[in-house]
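**Q** task: produce atomic coordinates for the following.
(one chain, ligands or ions: 1)
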Amino acid sequence: MIPVENIKGNEINIVYSNNFDEIKNERFQYQRDWAEFNIYTDYFPWNFEYGLFEYTLKINTDDVVIAPNVSKENVLKSTKPTFDMPFLISSQATKRTAENGKIHIYSHQVSDSIITDVQKKSQKYYNYFEKTYGTTDTDELVIVVSDSKRSVSYARPNFISLNFDQKFKKTHIKVLAHEIAHLWWLKAELSTWEDWLNESFAEYSSLVMYRRDYGKEAMDAYNKRFGDWIQKMEAPPVWGIKKNHERSNAVVTYKGSFHLLDLEEKIGEPQTEKLLNQMHNRQIKTTAVFLDLLSELNGQEISNWFELKLKQ
Ligand SMILES: [Zn+2]
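**A** You can find the predicted model right below:
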C-alpha cells in the first residue's frame, strides 16, 4: 500500500497488472462468462484512508461491459466521489429494461420468472420511494442478478448487484428494496458511525416495503431473527460505534433500523415519511442535523428520546 501522506493533494498514476487467478476473495471468483469486479476483489490498489476519488476507466474487451454510466467505447466514469469502481464483463448476459425505462436488469443463468419478479418489484419500489422521499439524482439504474452461490449484495451509485444461492426468496426481494433505497440513502460519511444514516434508513425503507408486500406479521417475523441476534450479542450503541468494531455492520444496519421502527410507532407512519422526505430533500448527512430536523418536525421531547435510544 502507498502511504496516504504520499497522495494527499497530489495526483498519482499507478500502473499495475493483476492476474485473475490471484483474486483472493472466494465469493467473487473469476468466471469466464460472468466476471464481476469491485472493491471486494481488490482489483485496484486502494485503502479507505485515501478518501473518496473520481475515476475514468477504459475496459478493453469484446464482451459486454455491464456498469453504471458505461459509454459505447466501454469507458466508465464516476458521477460522484466514490470508493469503488464496480463493473462486470460477460459474454452471456441477458438484458431487460423495466417499463419506466430507467432500470436495466442484467442476468446470467437466472430464470425468467425471477427476472420478471425483480423487474416488477424494482420498478414498484423505485416509484414508491420517489413518491415518498422525492426525486433522486439517479435517473438510470443498473441491476445485475446472478445465482452466484453467495449472499453478498451491494449498492453503488446507479448500480446494484443482487446475488442469491439457488433459491430466490422473499428475503432477496427485501435485499433488492434495501439496495434500491440506497439511491436515496447514501449521503452520510461511510467511514464513520454516521453511516447508520445510510444503512439504517435503507433497511427501514426496505422493511416498510416488506410490510406492504407481505404484511406486518411477516415483517415482525423477519425482524425477530435480527432482534434476537442483536440482543444475544449485546450490541453496543449506534452512537459513535467505530467502523472497525466487529459488530459495526449489524449495529449501523439493524439496530438503527429498529430504532427507526420504534420512532415510527411513536410518531406514526405519515410523520415518519415526512421526516424522511425532508431528510432527503435537505441532503442531511449527520446525526446532529437529523436530530434538529426531528425536533423541528416532532418536538424537542421526541428528539431527545431518540438521541437517548441511539446512545443505548
Ligand atoms: Zn446497505
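**Q** which stretches of the stretch 1-150 of the chain have low pLDDT?
**A** Of all residues in the stretch 1-150 of the chain, those with pLDDT under 70 make up the ranges 1-15.
**Q** where does it get nearest to the ion, which residue?
**A** The nearest approach of the stretch 1-150 of the chain to the ion comes at Asp84, 13.2 Å away (Cβ to the ion). All C-beta atoms are positioned from the backbone trio N, CA, C, and that covers glycine.
**Q** count of residues packed around the residue lying closest to that residue once chain neighbours are set aside?
**A** Spatial nearest neighbour of Asp84, chain neighbours left out: Ile39 (4.3 Å); criterion: Cβ to Cβ, 6 or more residues apart in numbering. Around Ile39 there are 18 other residues, counting by other Cβ atoms under 10 Å.
**Q** which ones are touching the residue of the stretch 1-150 of the chain closest to the ion?
**A** For Asp84, the contacting residues are 38-39, 156, by Cβ atoms under 8 Å, 6 or more residues apart in numbering.
**Q** and which of those is nearest to Leu310?
**A** Arg156 (26.8 Å; Cβ to Cβ).
**Q** ok, Met233 - how many residues close by?
**A** Around Met233 sit 12 other residues, with neighbours defined as other Cβ under 10 Å.
**Q** so it sits right up against Ala250, yeah?
**A** Yes - taking Cβ atoms under 8 Å as the definition, Met233 is a contact partner of Ala250 at 7.3 Å.
**Q** where does the stretch 51-200 of the chain get nearest to the ion, residue-wise?
**A** Counting by Cβ to the ion, the stretch 51-200 of the chain gets nearest the ion through Glu199, at 4.8 Å.
**Q** for that residue, give me the backbone phi and psi.
**A** The phi/psi pair for Glu199 (degrees, to the nearest 10) reads phi -70, psi -50.
**Q** Leu76: how many residues sit nearby?
**A** Neighbours of Leu76 (other Cβ under 10 Å): 18.
**Q** ok, which residues in the stretch 201-312 of the chain are in contact with the ion?
**A** Proximity of the stretch 201-312 of the chain to the ion (Cβ under 5 Å from the ion) is limited to residues Ala202.
**Q** can you pull out the low-pLDDT segments for the stretch 201-312 of the chain?
**A** Nowhere does the stretch 201-312 of the chain drop to pLDDT under 70.
**Q** neighbours of the one residue in it that gets nearest to the ion, how many?
**A** Residue nearest to the ion within the stretch 201-312 of the chain (Cβ to the ion): Ala202, separated by 4.7 Å. Ala202 is flanked by 24 other residues according to other Cβ under 10 Å.
**Q** pretty sure it is touching Trp185, no?
**A** Yes - counting by Cβ under 8 Å, Ala202 sits close enough to Trp185 to count as a contact (4.6 Å).
**Q** what about the closest residue to Arg282 other than its chain neighbours, how many residues nearby?
**A** Ranked by Cβ to Cβ, 6+ apart and with sequence neighbours excluded, the top spatial neighbour of Arg282 is Leu293, at 7.0 Å. Around Leu293 there are 15 other residues, counting by other Cβ under 10 Å.
**Q** keep only those of the contacts of Asp84 that are in strands.
**A** Arg156 (DSSP state E).
**Q** just checking, the residue of the stretch 51-200 of the chain closest to the ion touches Lys255?
**A** No - with contact defined as Cβ under 8 Å, Glu199 does not reach Lys255; the gap is 10.0 Å.
**Q** tell me where the chain has helices.
**A** Secondary structure of the chain, counting by DSSP state H: helices at 112-133, 170-181, 196-214, 216-232, 248-250, 256-267, 269-281, 287-298, 300-310.
**Q** and the closest residue to Ile114 other than its chain neighbours, what is it in contact with?
**A** Nearest residue to Ile114, sequence neighbours excluded (Cβ to Cβ, 6+ apart): Phe168, at 4.8 Å. For Phe168, the contacting residues are 110, 114, 117, 147, taking Cβ under 8 Å, 6+ apart as the criterion.
**Q** want to throw these into a markdown table with neighbour count and distance to the ion?
**A** Rendered in a markdown table, the data for the contacts of Phe168 read as follows (neighbours: other Cβ atoms under 10 Å; distance: Cβ to the ion, whole Å):
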| residue | neighbour count | distance to the ion |
| --- | --- | --- |
| Val110 | 19 | 22 |
| Ile114 | 17 | 21 |
| Asp117 | 16 | 21 |
| Asp147 | 17 | 21 |
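**Q** greatest separation within those residues: which pair is it?
**A** For the contacts of Phe168, the farthest-apart pair by Cβ to Cβ is Asp117 and Asp147; their separation is 13.7 Å.
**Q** much appreciated, bye for now.
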